[in-house]
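In: What shape does this take:
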Amino acid sequence: MATTTIAEKPRSLGKLMAAGLIGSSIEWYDFFIYGTAAALVFGKLFFPYASPLVGTLLAFSTFWAGFIARPIGGLIFGHIGDRIGRKPALVACLAITGCATFLIGLLPTAATIGALAPVLLVSLRFLQGIAVGGQWGGVTLLLTESASSRNRGLAGSFCQMGVPIGVILGNVAFLVASASMSATSFGSWGWRVPFLFSALLFPVLAFIQLRFEDTPAFKELQAQRAASPSAAAKSPLLAVIRQHWRPILFGAGLLFACNSIFYVSISGLLDYGTRALHLDRNGLLLIVLISSAVNVGIIMLSGKLSDRLGRRPLILVGAVILTLWAFPMFWLVDTASLGLILVAVTVGGFGSSLIYGPLAAYLSELFRPEVRYSGASLAYQLASILVSGGTPFLMTALLAATGTSASVSAFLALMALCTLGSALLLPETIGAKASTAAAAAAAAATPAPSA
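Out: Coordinates of the predicted model:
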């Protein structure tokens, strides 16, 4: 069957959005189940001679390794995506993630191979991080560059919805695995089952590879390069760092609020709730599942609204909500009531989703087509190494050092203020052509931007 050219068949955008959503969901499922396993079993299995607290910190440090690798993946696959194509970069990332996650499910523990076990665990986690670092830009650009300016925010939200759906899939997998066997069996081999399910990703990447061509924007870029070989020789990575450093930095800042509260909610609270508040593990997993289901709808709604209201207003409102909610959230968590914890996490997820929904379209619009994959990926993945990966580790360390959850609340409030400031310093892109929006963002790199 002939491949589908998106430019020739606009209705194929719906199929592409569905494929992007499924692929992104499974990819994030692969990435997030590691965090759940790190909170529940990895400390005991891969660091058996450490105390429970130290084992958790060590497990979360391996979780962080995936985030350290993500900017590297953004650099590598951003270059590939800007030079060779959006689709080839995306398919390669999906394949690497699926393989690395599947192999984690087969990995011997420290009881079998000793110190080599955590080394292999970190190595596979690093591969996961590299692939996820390149994957987000690929899905985002396949969707947003294939959509018209009137529905680019909605199209991009199908990439963003993959995050809470990935969390839901991961939590369901762990809930089913732990409920269907004894605690001993789960700790021995049951935790492996969610990782082995990553094999489901391969049919999706085969569908994308066989059914879709690259985006209209990249095809136009290829034609321009063919007409001007000197322009084609330029490095997109060097160009984006040199000419778009401010959108990269402030684009990363846009993610500080939603990333910090997200990883506190899905991983940090799981450890805090079971170890310090003595709550049931499955009850906490169910809370994350319910909150994530709500977030799916809010992300799509905020992406759609951003096509009418603008990207920045929704991000600003979300940042204000998260700033004000940082302390009340942990007042509710510390009651150790599962119902109040659900309220705490759901309200935080609402503010986070208002920010996250428009970000796929917003970050892509801040950069010119020839450097878009590199620029958007660098901005997104820079936040991962600065905030995302370290949040569960930092939360555990803050609680141990201060003995109070107020320190975690202060951290969340600070991250929300960073997002608020970043949104105020970046230009609005709604309704502008990609080149015009990118030019405005690049112009903001000069001192004293207008208010």
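In: Next up, the contacts around residue 357.
Out: Each residue near residue 357 by C-beta atoms under 8 Å, 6 or more residues apart in numbering is listed here: 153, 157, 160, 298, 299, 300, 301, 302, 303, 305, 306, 314. The way it works is simple: take the backbone N, C-alpha and C, and place the C-beta from them, glycine included.
In: quick one: which of these sit in strands?
Out: Using DSSP state E, the subset of these located in strands is empty.
In: from the residues you listed, which is closest to residue 130?
Out: Of all these, residue 130 sits closest to residue 160, with 20.9 Å by C-beta to C-beta.
In: hang on, the earlier thing: of the contacts of residue 357, which qualify as buried by neighbour count?
Out: Listed as buried from the contacts of residue 357 are 153, 157, 160, 298, 299, 300, 301, 302, 303, 305, 306, 314; burial here means 16 or more other C-beta atoms under 10 Å.
In: from these, which is closest to residue 138?
Out: Closest to residue 138, out of all of the buried ones among the contacts of residue 357 and judged by C-beta to C-beta, is residue 160, at 14.0 Å.
In: Confirm for me that the closest one is in contact with residue 303.
Out: Yes - proximity of residue 160 to residue 303 meets the contact threshold set by C-beta atoms under 8 Å, at 6.6 Å.
In: Any stretches of this protein with poor pLDDT?
Out: 1-11, 205, 209-215, 225, 229-237, 431-451 (pLDDT under 70).
In: For it, give the helix that spans the most residues.
Out: Determined from DSSP state H, the single longest helix within the chain is helix 52-83.
In: which residues are in contact with stretch 92-99?
Out: Counting by C-beta under 8 Å, 6+ apart, 23, 26-27, 30-31, 73, 77, 80, 127-128, 130-132, 134-135, 138, 198-199, 201-202, 204-205, 208 sit against stretch 92-99.
In: Sitting in helices, which of those residues do you find?
Out: Those of those lying in helices (DSSP H): 23, 26-27, 30-31, 73, 77, 80, 127-128, 130-132, 134-135, 138, 201-202, 204-205, 208.
In: So among those residues, which ones count as buried?
Out: Burial by neighbour count, 16+ other C-beta under 10 Å: within those this picks out 23, 26-27, 30-31, 73, 77, 80, 127-128, 130-132, 134-135, 138, 201, 204-205, 208.
In: ok, back up a step: which is the succeeding secondary structure element to the longest helix of the chain?
Out: Downstream of helix 52-83, the next assigned helix or strand under DSSP states H and E is helix 86-105.
In: quick one: that following helix to helix 52-83, angle?
Out: Following axes from the mean of the first three to the mean of the last three C-alpha atoms, to 10 degrees, one obtains 160 degrees for the angle between helix 86-105 and helix 52-83.
In: Tell me which helix or strand comes right after helix 86-105.
Out: Using DSSP H and E, the helix or strand that directly follows helix 86-105 along the chain is helix 110-113.
In: got the buried residues for that next one?
Out: residue 110.
In: do the same with stretch 309-316
Out: Of the residues in stretch 309-316, those buried (16+ other C-beta under 10 Å) are 310, 311, 312, 313, 314, 315, 316.
In: picking that back up, tell me the one of the contacts of residue 357 nearest residue 365?
Out: Among those, residue 153 lies closest to residue 365 (C-beta to C-beta), at 9.5 Å.
In: Surely the closest one touches residue 361?
Out: Yes - using C-beta under 8 Å, residue 153 is in contact with residue 361, at 4.4 Å.
In: where do the contact lists of those two overlap?
Out: Common neighbours of residue 153 and residue 361, using C-beta under 8 Å, 6+ apart, are 303, 306, 307, 311.
In: give the contact list for the nearest residue to the first one once chain neighbours are set aside.
Out: Closest residue to residue 303 apart from its sequence neighbours, by C-beta to C-beta, 6 or more residues apart in numbering: residue 157 at 2.7 Å. Shown here is residue 157, whose contacts under the criterion C-beta under 8 Å, 6+ apart are 299, 300, 302, 303, 304, 357, 358, 360, 361.
In: So residue 157 versus residue 261, what's the distance?
Out: As judged by C-beta to C-beta, to the nearest Å, residue 157 and residue 261 stand 19 Å apart.
In: for residue 189, same thing?
Out: Going from residue 189 to residue 261 by C-beta to C-beta gives 33 Å.
In: between those two, which one's more packed in?
Out: Under the criterion of other C-beta atoms under 10 Å, the comparison of residue 189 against residue 261 puts residue 261 first, with 26 against 12.
In: residues of the longest helix of the chain that come out buried?
Out: Within helix 52-83, the residues scored as buried using 16+ other C-beta under 10 Å are 55-83.
In: Repeat that for stretch 193-201.
Out: 193, 194, 195, 197, 198, 201.
In: what does stretch 238-255 give?
Out: For stretch 238-255, a neighbour-count test (16+ other C-beta under 10 Å) marks 239-241, 243-244, 246-255 as buried.
In: Let's see which of the residues you listed end up in strands.
Out: Judged by DSSP E, strands contain none of the buried residues of stretch 238-255.
In: In helices, which of those residues appear?
Out: Per DSSP H, the buried residues of stretch 238-255 map to helices at 239, 240, 241, 243, 246, 247, 248, 249, 250, 251, 252, 253.
In: Go ahead and confirm the second one touches residue 366.
Out: When you say that, I think you mean residue 240. No - if you go by C-beta under 8 Å, residue 240 and residue 366 don't touch, sitting 10.4 Å apart.
In: any residues in contact with both of the two?
Out: Jointly contacting residue 240 and residue 366 under the rule C-beta under 8 Å, 6+ apart are residue 375.
In: Would it be right to say that residue 50 lies in a helix?
Out: No - if the criterion is DSSP: H, G, I helix; E, B strand; the rest coil, then residue 50 is coil and not within a helix.
In: residue nearest the centroid of this protein?
Out: Taking C-alpha atoms, centre = their mean as the criterion, residue 163 is the residue nearest the geometric centre of the chain, at 6.2 Å.
In: where does that residue land in three-state SS?
Out: Under three-state DSSP, residue 163 falls in the helix class.
In: leaving aside the residues next to it on the chain, what's closest to it?
Out: Leaving aside its chain neighbours, residue 163 sits nearest to residue 28 (5.2 Å; criterion: C-beta to C-beta, 6+ apart).
In: Much appreciated, bye for now.
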